[in-house]
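[1] My questions concern the predicted model and sequence given below.
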Amino acid sequence: MRGWRAFWRRREGAISILAAVSATAMIGMAALGIDVGTVYLRSRELQGVADIAAMTAAQDLGRAQARAEAAVRANRAGQGVRVRTELGRYTPDPARPAAQRFVPGVNNANAVRVRLDGEAPLYFAALFVPEGRMQVGRNATAARAQLASFQIGSRLLALRGGIANALLGELAGGGVNLSVMDYQSLLRADVSLFSFTDALRTRLDLEAASYDRVLAHEITAPLALGALADALIASGARDAGRAMERLANAASRQRVIDGLDTLIDLGPYAGQDAAPDGAGAAVGVNAFDLAMAMLELANGERQVALDLSAGAPGLAGVRAWLAIGERPNNSPWLAITGSNEVIIRTAQMRLYLEADVNAAAPIARVRVPLLIEAASAQARLSDIACGANQASHRVTLSASPSIGMVALAEIDRARLDDFRRPLALRPARLVELPLIRAEGAGRIDLGGDAWQDVTFRGDEIARGEVKTVQTRDIAQATFTSLMREIDLNVRVAGLGLNLGGVTRAIATPLSAAAPVLDDLVNGLTDVLGVRLGEADLRVNGVRCDGSALVG
């Protein structure tokens, strides 16, 4: 016993005992680390391959399984990897939990979920797992990139005379002298909204500034139009770019835009300083429409006066007052919603004309005051159906045409730009002579602002076809039809004047002048992109060959 006590009190060799006891735990921890690391590494390898397989499969949903399997083989995922694909519909709605945005097994699939199941080898843990392997599975979901650009508005291919130059000159604050070919090149040119904002950032010398900061910056009209010209030239649209440069040079530097953020809302892209791959295709816009929207914003008074006599052959004189109103609820011209839906809106418009019409004796001349009022038209991207090739793609736009009215009436011109309340209409004084007084009144109203769907086939998109949507109860809202509805009130004093003859002397020149006035007003509304009860739509392009991971 004395010997055991002495042995217990001795301290020599204690470290060897501790090392022997700890070695078992250390070896166990090392074994666990190696096996866990092996499983984790294999899991990450499978996740990378699953991501690639999902994006590859999303590009050709009709052959999703074959495309996914080919991607797995090409990326050497190893032997025994099982591939399973599941088609469904992905909706990028932030209000939904991420796990619920992909719905499998529905019609009109636009996404695919790929599941890879494989094995990870075990080393030390194989002592406890007879198979010596652990099952590992990873998922990846990718949506097909379904992007389209579209426009609502201008009919400049039917440009009339110098009306566009007169209107743009007033809006720009300088003399504009563009040819019909210049306008047509601008109409045919589309520009990425992100490319334009990048060019604007360069001109403002704002390094690495986010899109919302660039758009909120105060700029002049020439600078904004110059940036648009830069973006057009960079995209290869040189004719349109040079025409835009001439418009920028004509614009007054006194016309200041407080910020384009009131005009353009980039939604989820606003805080970024670079567009995601392919995002520009989703918000491509027509160059002329963008220029018009900026000039309308730069013209702070939103009201111009024009002398259109030169563009109205057959009329003794025409004066016009144009007021451009806000979009509904002060909405921006172009907005991208949180679900990447793109909405484009035209402005409201009031156009008041005073035309002098040559007439026969005994009155010689008839004064015709006319009011045209158009509400905002809107268009939004409703659906994209991607086919096997470009010709089989389908794009559906939903449009709400403008509503409004045309009237023969007197108004208070000082209230023309007050869109918060309706204008008071008074009978129009057509003739006022010492012995003859004639008044007339007439009005055509358009209603029905329901959204209507318009589908474009792949060949129609390739041709740049324009489709017109009309309110469902549209009448022929032209002056020709208005003149047939006028109530004339003629009073004649004195002797030797025939009431019927005076009435004919007024009605006949009014009917003859109606087509000229139609042509004149159509020219103005074509430039503005706003027509009574109508909306012109065109899909500029559609992209279905890309894909992106969504979960």
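    Nice, I can see it.

[2] where in the stretch 101-250 of the chain is pLDDT low?
    With pLDDT under 70 as the threshold, the stretch 101-250 of the chain has low-confidence stretches at 127, 145-147, 149, 153-162.

[3] now the strands: where do they sit in it?
    102-104, 111-121, 133-152, 190-192, 219-220 (DSSP state E, counting those that start in this stretch).

[4] how about the second one: buried residues?
    Judged by neighbour count using 16 or more other CB atoms under 10 Å, the buried positions of strand 111-121 are 111-116, 118-120. Backbone N, C-alpha and C define where each C-beta goes, glycine included.

[5] about what we covered before: G442: which of the strands of the stretch 101-250 of the chain is closest?
    Minimum separation from G442 across the strands of the stretch 101-250 of the chain (CB to CB) falls at strand 133-152, 29.5 Å.

[6] Counting by contacts, list what the closest one packs against.
    helix 14-58, strand 111-121, helix 279-282, strand 284-286, strand 342-345, strand 378-385, strand 394-400, strand 534-549 (3 or more CB pairs under 8 Å, 6 or more residues apart in numbering; DSSP states H and E).

[7] Tabulate the strands of the stretch 101-250 of the chain (JSON lines), appending distance to L435.
    Compiled in JSON lines, the strands of the stretch 101-250 of the chain are given as follows (distance: least, CB to CB, whole Å):
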{"stretch": "strand 102-104", "distance to L435": "79"}
{"stretch": "strand 111-121", "distance to L435": "79"}
{"stretch": "strand 133-152", "distance to L435": "51"}
{"stretch": "strand 190-192", "distance to L435": "60"}
{"stretch": "strand 219-220", "distance to L435": "56"}
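
[8] what's the most buried one of those?
    strand 190-192 (a mean of 24; mean count of other CB atoms under 10 Å).

[9] Strand partners (parallel or antiparallel) of that strand?
    Next to strand 190-192 in the sheet, as set by DSSP bridges, lie strand 284-286 (antiparallel).

[10] Flag whichever of the helices and strands packed on strand 133-152 has the least confidence on average.
    Note on the helices and strands packed on strand 133-152: helix 279-282 shows the lowest mean pLDDT, a mean of 46.

[11] Output stretch 430-445 as PDB, nothing but the C-alphas.
    Provided in PDB are the C-alpha atoms of stretch 430-445 (Å, rounded to 0.1, in the frame of the first residue of the first chain):
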ATOM      1  CA  LEU A 430     -69.800  82.400 -84.900                       C
ATOM      2  CA  VAL A 431     -70.800  85.700 -86.400                       C
ATOM      3  CA  GLU A 432     -71.300  89.100 -84.700                       C
ATOM      4  CA  LEU A 433     -72.200  91.900 -87.100                       C
ATOM      5  CA  PRO A 434     -74.400  95.000 -86.600                       C
ATOM      6  CA  LEU A 435     -77.300  93.200 -88.200                       C
ATOM      7  CA  ILE A 436     -76.400  89.500 -87.800                       C
ATOM      8  CA  ARG A 437     -75.700  87.600 -84.700                       C
ATOM      9  CA  ALA A 438     -75.100  83.800 -84.900                       C
ATOM     10  CA  GLU A 439     -74.300  81.400 -82.100                       C
ATOM     11  CA  GLY A 440     -73.600  77.600 -82.300                       C
ATOM     12  CA  ALA A 441     -73.100  74.800 -79.900                       C
ATOM     13  CA  GLY A 442     -72.200  71.200 -80.400                       C
ATOM     14  CA  ARG A 443     -70.400  68.400 -78.400                       C
ATOM     15  CA  ILE A 444     -69.300  64.800 -78.800                       C
ATOM     16  CA  ASP A 445     -68.300  62.800 -75.700                       C
END
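
[12] of the strands of the stretch 101-250 of the chain, which approaches E485 most closely?
    strand 133-152 (29.7 Å).

[13] okay, the angle between the closest one and strand 111-121?
    Per axes from the mean of the first three to the mean of the last three CA atoms, to 10 degrees, the angle that strand 133-152 makes with strand 111-121 is 160 degrees.

[14] How about E170, nearest residue that isn't a chain neighbour?
    V304 (3.9 Å; CB to CB, 6 or more residues apart in numbering).

[15] Show me what counts as buried in the strand or helix carrying that neighbour.
    For V304, the enclosing helix or strand under DSSP states H and E is strand 303-307. Using 16+ other CB under 10 Å as the test for burial, strand 303-307 gives 303-304, 306.

[16] So, low pLDDT: which residues of the stretch 401-550 of the chain?
    Ranges of the stretch 401-550 of the chain meeting pLDDT under 70: 447-449, 472-478, 494-499, 545-546.

[17] the strands in the stretch 251-400 of the chain, which residues?
    With DSSP E, counting those that start in this stretch as the criterion, the stretch 251-400 of the chain has strands spanning 256-257, 264-265, 284-286, 303-307, 317-324, 334-336, 342-345, 349-358, 365-374, 378-385, 394-400.

[18] Just put these in CSV and tack on distance to G500.
    Output for the strands of the stretch 251-400 of the chain, formatted as CSV (distance: least, CB to CB, whole Å):
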stretch, distance to G500
strand 256-257, 57
strand 264-265, 59
strand 284-286, 52
strand 303-307, 35
strand 317-324, 28
strand 334-336, 56
strand 342-345, 49
strand 349-358, 19
strand 365-374, 16
strand 378-385, 48
strand 394-400, 46
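
[19] To G241, which of the ones you listed lies closest?
    The nearest among these, by CB to CB, is strand 284-286 at 14.0 Å.

[20] And the contacts of that closest one?
    149, 151, 153-154, 186-187, 189-193, 334, 344, 540-541 (CB atoms under 8 Å, 6 or more residues apart in numbering).

[21] quick one on the thing from earlier: can you convert the helices and strands packed on strand 133-152 into JSON lines and add a column each for distance to V502?
    Shown next, in JSON lines, are the helices and strands packed on strand 133-152 (distance: least, CB to CB, whole Å):
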{"stretch": "helix 14-58", "distance to V502": "75"}
{"stretch": "strand 111-121", "distance to V502": "73"}
{"stretch": "helix 279-282", "distance to V502": "61"}
{"stretch": "strand 284-286", "distance to V502": "49"}
{"stretch": "strand 342-345", "distance to V502": "47"}
{"stretch": "strand 378-385", "distance to V502": "46"}
{"stretch": "strand 394-400", "distance to V502": "45"}
{"stretch": "strand 534-549", "distance to V502": "37"}
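
[22] per the record, what domains does the chain have?
    14-144, 161-300, 302-551 (automatic domain parsing).

[23] Burial-wise, tell me which of the ones you listed comes out on top.
    Using mean count of other CB under 10 Å, domain 161-300 ranks as the most buried of the domains of the chain, with a mean of 20.

[24] show me the contacts for Q151.
    Counting by CB under 8 Å, 6+ apart, Q151 has contacts 190, 285-286, 289, 344, 537-538, 540.

[25] I'd like to know which of those residues is nearest to P369.
    Nearest to P369 among those, with distances taken as CB to CB, is D289, at 30.3 Å.

[26] how long is stretch 69-84 end to end?
    In stretch 69-84, first residue to last residue: 9 Å (CA to CA, to the nearest Å).

[27] out of the contacts of strand 284-286, who's nearest I34?
    S192 (51.2 Å).

[28] Compare the strands of the stretch 101-250 of the chain and give me the one nearest S43.
    With CB to CB, the closest approach to S43 among the strands of the stretch 101-250 of the chain belongs to strand 133-152: 5.1 Å.

[29] roughly how far out does that closest one sit from the chain middle?
    24 Å (CA atoms, centre = their mean, to the nearest Å).
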